[in-house]
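A.B. asks: here is my input; please provide its structure:
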Amino acid sequence: MVDTTAPIAEYVEEDFVDDTEVTTPDVSGIRTSLTNIKETTGMKIFKWINYGFLTLLCALTIYPFINLIAMSFSSDGAIRAGRVNVWPVGFNLTTIRAVITDQTFWVNYRNTIFYTIVYTLIAMFLTTTLAYVISRPHLRFKSLIVGMAVFTMFFSGGLVPHFVVVTRWYGLLGSIWALILPGTLSVFNLLVMKSFFENFPTELEEAASIDGLNTYGVFLRIVLPLSKAVLATMTLFYAVGMWNSWFGAMLFMQNRQFQPVTMYLRNLIAGALAVSEVADTSDAAQVGANIQAVTMLLTVLPIMLVYPFVQKYFVSGVMLGSVKG
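C.D. replies: Below is the predicted model:
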């Protein structure tokens, strides 16, 4: 007769608990042996060759920037003689003073910052919204829309039709929007972001829909906050592209007060600006020797300072949209 007043746990312990002691295997020795594996001679040689190759590659990549900085602070005689490598020769600040005191340079610099911010905001709005739409599997004529976008990657009307459309049809000649609106949608960036959205977990969107969010709410409150990596990557692509752009300004903007700083640099390199505009006659030789290096240094410096802060998003953002499945 079973005693119903006894705890159930007693019967479970008596009937089902085995008296055999359960022991866990000791894996510490295995871990130690794995960490103490001796490298073969071939592996050591291979590792040191890799170290040497990567060090050489980094040196070749960094050298142009170091040489640019050295030339910016070197004398004209040393630059013309080719004696400047990684360290300034005949330290000189004449050209630096001449450029930073030129009012046109700072006006163009301000224009570049404005163009980059506005262009990037418009481009990101168009890219994210269109990429999210064409990534939906139930979208009608999805293949047609994607095909039309890809078609523009390989075929274009050419420079003359582009100029006619911007100037005559849209009437943007001499307007700042002629520098911002054309090219605000990159098909390559669009396809990368589309691939990322296609791999986005559908369970999150379905759960948000059940909670009452509509399409816009799902996109703004669920998808975008979880897409910081690809958003940062695309933002970097658009911002750097606009910051380095000068050809559009040469075509559509003749007023120097509205030109970007890259156009200022282009004019210096091409000789469109006389040296006397930025320096007096006694310093003409010095300014003419390293004006290009100084202006390029001041132009690329902001991008070089911003890039380390978005580098962690840059690599992961590109890879997130590149693998399907």
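A.B. asks: buried residues in the host helix or strand of L126?
C.D. replies: If you go by DSSP states H and E, L126 is part of helix 103-134. Residues 104-105, 107-109, 111-112, 115-116, 118-120, 122-124, 127-128, 130-132, 134 are the ones in helix 103-134 that count as buried (16 or more other C-beta atoms under 10 Å). For every residue, glycine as well, the C-beta is placed using N, CA and C.
A.B. asks: now swap in stretch 256-264 and tell me
C.D. replies: Under 16+ other C-beta under 10 Å, the buried positions of stretch 256-264 are 256, 258-264.
A.B. asks: equivalent analysis for stretch 39-54, please.
C.D. replies: For stretch 39-54, it's none, nothing buried (16+ other C-beta under 10 Å).
A.B. asks: run the chain-centre distance for it.
C.D. replies: 32 Å (C-alpha atoms, centre = their mean, to the nearest Å).
A.B. asks: please apply the same query to stretch 52-61.
C.D. replies: Per C-alpha atoms, centre = their mean, the centroid offset for stretch 52-61 relative to its chain is 22 Å.
A.B. asks: for the stretch 201-325 of the chain, just list every one of the strands.
C.D. replies: Applying DSSP state E, counting those that start in this stretch to the stretch 201-325 of the chain gives no strands.
A.B. asks: where does it dip in pLDDT?
C.D. replies: For the stretch 201-325 of the chain, applying pLDDT under 70 flags the ranges 269-289, 312-325.
A.B. asks: ok, back up a step: so which residues make contact with whichever helix or strand comes after the helix holding L126?
C.D. replies: For helix 103-134, the following helix or strand on the C-terminal side (DSSP H and E) is helix 142-154. Defining contact as C-beta atoms under 8 Å, 6 or more residues apart in numbering, one finds that helix 142-154 is touched by 134, 136, 139, 187-188, 190-191, 194.
A.B. asks: and the angle for helix 142-154 with helix 103-134?
C.D. replies: 150 degrees (axes from the mean of the first three to the mean of the last three C-alpha atoms, to 10 degrees).
A.B. asks: can I get the CA coordinates of helix 142-154 in PDB?
C.D. replies: Output of helix 142-154 as PDB, limited to C-alpha atoms (Å, rounded to 0.1, in the frame of the first residue of the first chain):
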ATOM      1  CA  LYS A 142       9.500  43.800 -58.900                       C
ATOM      2  CA  SER A 143      11.700  42.200 -61.600                       C
ATOM      3  CA  LEU A 144      10.900  45.000 -64.100                       C
ATOM      4  CA  ILE A 145      11.800  47.700 -61.600                       C
ATOM      5  CA  VAL A 146      15.100  46.000 -60.600                       C
ATOM      6  CA  GLY A 147      15.900  45.400 -64.300                       C
ATOM      7  CA  MET A 148      15.400  49.100 -65.200                       C
ATOM      8  CA  ALA A 149      17.700  50.100 -62.300                       C
ATOM      9  CA  VAL A 150      20.400  47.600 -63.400                       C
ATOM     10  CA  PHE A 151      20.100  48.800 -67.000                       C
ATOM     11  CA  THR A 152      21.200  52.300 -66.000                       C
ATOM     12  CA  MET A 153      24.400  50.800 -64.500                       C
ATOM     13  CA  PHE A 154      25.600  49.700 -68.000                       C
END
